[in-house]
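A.B. asks: Build me a model from this:
(chains A and B)
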Amino acid sequence: MSDAATLTETPQQADRAVTIYEKSVPGRRAAQLPPSGVEETPIEELIPSHLLRETPAELPEVSEPEIIRHYNRISRRNFDLDTGFYPLGSCTMKYNPRLNERVAALPGHARLHPATDPADAQGALELMYLLQESLSEICGLPTVSLQPSAGSQGELAGLLLTRAYHKDKGRHPTKVLTPDTAHGTNPASVSMAGYEVVKVATNETGGVDMDDLRSKIDDDVACLMLTNPNTLGVFDENIAEMASLVHEAGGLLYYDGANLNAIMGQARPGDMGFDIVHVNLHKSFSQPHGGGGPGAGPIAVSDRVEPFIPRPQVVKAEREGWDEFFDLDYDRPKSVGRMRGFQGNFGVFVRSYAYILSLGGDGLSEASRLAVLNANYLKHRLSEGRAGKYLPVAFDRHCMHEFVLSGAPMKKELGIKTLDLAKRLLDFGFHPPTVYFPLLVDEALMVEPVETEAKEHLDEFADAIEKILEEAESDPGIATNAPYTTPVRRLDEVGATRRPVIRQPR
Amino acid sequence: MAGYTPATSDDQAAMLAAIGIDSIDELFAQIPDAIKLDRPLDLEDGLSESEVYKRLASLAQWNQDAEEIPSFLGAGMYDHYVPAIVDAITSRSEFLTPYTPYQPEVSQGGLQVMFEFQTAMSELTGLPVSNAGLYEGPSAAASAAYLAMSATGRTGLVASRGVHPHSRETLATHAVGFGAELTEVPLVDGLTEAAALEAAIDDTTAAVFLQNPNFLGSVEDIERLGEFATSKGALLIVAVDPMTLGILKPPGECGADIAYGEGQPLGNRLDFGGPSFGFFCAKQEHIRRMPGRIAGETTDVDGRRGFVLTLQTREQHIRREKATSNICTAQALNALGALVHLSWLGKQGFIELGELLARRTAFARDTIGALDGFELLHDAPVVREFAVRSDRPVADVIHMTPDPAQPGPHIPVYPLGRDYPEYEDSFLVAITENRSVEDINELAHVLQHGQAGWGEFIHDHDENGNALGENGLVGATQGGEG
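C.D. replies: Numbering: from 1, shown residues only, chains lettered A, B, ... in the order given. Next up, the predicted model:
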């Protein structure tokens, strides 16, 4: 490190990363366990010694105050939604109401064992049933399975349902059509479900190229998988025609619900002709993203797909002695089976259901309207001044909840890449938008401001971009060497891949 | 309706004017009328915060809190004590509210947590590489199968019936997509039948799945069983309960290629089954095929130590249809809970907890196995869970009220019939440090006296759980003090 760098080092940067393992001192401990209350029989008398561990696991030896201090300290090296604007496209980083955390932590919800007899879990099963009904109404499809653990598992579930549907009809199509604007998980899920990915081109207005689609539809198409609005923030007007083309050829339509936040209460995937939808509860329904999980990816399906949904399913059943009884139905002979253990991410369901109750039907609709207004306003602000010159909108029309800018002119004229702009934004206290996605836009920057962000923050963000571009006009090095104020500066990612060090050495 | 949106009508007017339109409706003009929703959503109107709280609290009252009637339910998820510092740390907004660490310079906290978590799981399992977490246990099994198929170029999967039934069912579901075939191997005397396992493995077998302790709670000889897999060139994949790894030989020392499991017992609530996390550890040679996220150590331009997501070329956002998995989350918050719990237990506490489980389980097994009308299903060694056979139908035993048509509650033990028709007359009893000797005695009492019910027992005891009268309990309590 140069002396100059030392002199300008921020206090956060001076606080070097030290792991909990490096703080370990033999003999220190935090936990005091209760006495067993039974005879201290040597373990070898309970379990044959050749099945026992010989070398202890090297876990940290630290006291409780040191643990608290360690994790609180490193938490401050994280950017989070509660302290800053997070316009990460297609991730829908909306405010996470703390009420939702409180109700999820109620002992009846939090300390409910998943194998509890349904008679003793009626509150949880009723909640799941009510959530199924709410999502069914929002998606415009009659049946909802809450089981999938995340959007990507919902995708895989949807594709396995597609496979089961065709097999039931004695068909074995091999292809799944996905637009080149699709989320990265779509093609990965398609190949994990044993299907071949066939890409469909995008037209000049940002929708599916209908000629290309027509040329690729035949009776070997299992389904068309897309999101509407798509990742460019464009609502595809041709959806009804696409649906009839695919259905006529015997295929199904899969809706990637990652962008559902744009259309709640405005339009429903079921009404557009989709057969299967996954809903990212962690996006549209305000779950904290937890630094990469947990979430949940329920699926809503049409009647033709319903027999194949994962089991068990929460149902209302007749039960002697009960006015109303909610049960887990395992007796679904055509079901694809299980996608995961137990009933799904119930803690996530509690939070999402609380959010739906808080907003109500009107509130969900208003949330989408304000998300779209914020996106269009921010797009407008970024079409002015230097941003308009160096960062043109990829497909310039009214957008839905997100839009995509291209940094190609910026790279050409100022010599700074989209990544440099993103890194410089960190110094201004903003989390950057999604970069280099979707893949079809050169130097893409994908912005999603969401409805819980105030106009002032959108203005501040637009001002910051203007300022960064102004700096770059006179000195591009400011951006290409950014960031300066973050806990660490640009990291050697290539080196990390070449010589992976993925654990603390002993 | 909740006040989560800041835009006032003035803000909205200013934004519309800037865009140059008159109403928000114009922004939705691109949705064709034919598919526009022409009515409000058929959902209730929004409620105030206090109303929502009451509604959710009233639903919660219908759920049996695992402490209210002490729960002996296990079967993969366990009511362990979660130390207070876990909630304190995981509820910090810096850990609760960020996204996946795509911008490492401002995500060092979360990335360091992943790195430390990987280290801890690697230590527990005795395998050199770990990812930063998967959705949960059973779907981690499917990820392991996918890796094994890609590493061996084979399609056969063999699983002991000692592997969690949800994992086997999840494997079967995913196998349809992978084009794999799943063969199951029976249990005999509570353990995987070695001869049947050997016979099931051939040179088309990609992976052999075992679980330790197995679903019946028995400790398997993984090392010996695993040799059948290794000798035929299949990968050995072992599901483990992390809370037993303080005392049981880790899978990495038993020859396992992959160890995975349900992480819930570590620092995670029961939450009726989720969210929790799955862990996934492997031999070094599989590092570039591992599913999920991995954090790696590196340096910044000034030479400071830092962490990044690494080996991402395996992942969906870069290679798309060539990705080694479609998994898009590391369950990072749940993994943090586990890391804090493990740091709290520490090197010595982790061993002590394993020993406590084994000793209390032995006591519970002796106590319940000695009751009239009940016997142990098998004699294999157990560490935290065991199976009990009953003379009466299990449904009658666990239903505490005389009339089956009356609403709950049930004795919280796990009936084996749905998953194992061959053990329809048996149930599982799981032990954690939250289940005291008194709780175990209570369970014995209620099993013995059946429909007398739990309430009666509780009323016969003082606030410390000591028996007040002679009801068959006192003897059992004394037995427990030995």
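A.B. asks: Tell me how many other residues surround the closest residue to A:Leu130 other than its chain neighbours.
C.D. replies: Across the structure, with C-beta to C-beta, 6 or more residues apart in numbering or on different chains as the measure, the residue nearest A:Leu130 apart from its sequence neighbours is A:Tyr353 (6.5 Å). Glycine gets a C-beta too; all of them are placed from N, C-alpha and C. Counted with other C-beta atoms under 10 Å in any protein chain shown, the neighbours of A:Tyr353 add up to 25.
A.B. asks: Please confirm that A:Tyr353 is located within a helix.
C.D. replies: Yes. A:Tyr353 forms part of a helix when assessed by DSSP: H, G, I helix; E, B strand; the rest coil.
A.B. asks: is it true that it touches A:Leu131?
C.D. replies: Yes. Shown here, A:Tyr353 and A:Leu131 form a contact pair, counting by C-beta atoms under 8 Å, at 4.7 Å.
A.B. asks: Could you list the paired strands of the lengthiest strand in chain B along with their orientation?
C.D. replies: Residue-count comparison of every strand in chain B, with assignments taken from DSSP state E, identifies strand B:205-212 as the longest. In its sheet, strand B:205-212 lies beside strand B:156-160 (parallel), strand B:235-240 (parallel), with partners assigned from DSSP bridges.
A.B. asks: between those strands, which gets nearest to A:Ala240?
C.D. replies: Distances from A:Ala240 to each of those were compared by C-beta to C-beta, and the smallest falls on strand B:156-160, at 42.6 Å.
A.B. asks: Contacts for the closest one next, please.
C.D. replies: Outside of strand B:156-160, the residues that reach it under the criterion C-beta atoms under 8 Å, 6 or more residues apart in numbering or on different chains are B:145, B:148, B:167-168, B:171, B:175, B:180-185, B:187, B:192, B:197, B:200-202, B:204-211, B:214, B:220, B:225, B:229, B:234.
A.B. asks: out of the residues you listed, which are buried?
C.D. replies: B:145, B:148, B:167-168, B:171, B:175, B:180, B:182-185, B:187, B:192, B:197, B:200-201, B:205-211, B:214, B:220, B:225, B:229, B:234 (16 or more other C-beta atoms under 10 Å in any protein chain shown).
A.B. asks: Filter these down to just the ones in strands.
C.D. replies: Reading strands off the buried ones among the contacts of strand B:156-160 with DSSP E, I get B:182-185, B:187, B:192, B:205-211.
A.B. asks: For these, give me a markdown table that also has pLDDT.
C.D. replies: Conversion of those to a markdown table gives the following (pLDDT from 0 to 100):
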| residue | pLDDT |
| --- | --- |
| B:Leu182 | 97 |
| B:Thr183 | 98 |
| B:Glu184 | 98 |
| B:Val185 | 98 |
| B:Leu187 | 98 |
| B:Thr192 | 98 |
| B:Thr205 | 98 |
| B:Ala206 | 98 |
| B:Ala207 | 98 |
| B:Val208 | 98 |
| B:Phe209 | 98 |
| B:Leu210 | 98 |
| B:Gln211 | 98 |
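A.B. asks: for the residues you listed, which one is nearest chain A?
C.D. replies: Relative to chain A, the closest of these is B:Leu182; by C-beta to the nearest C-beta it sits at 10.8 Å.
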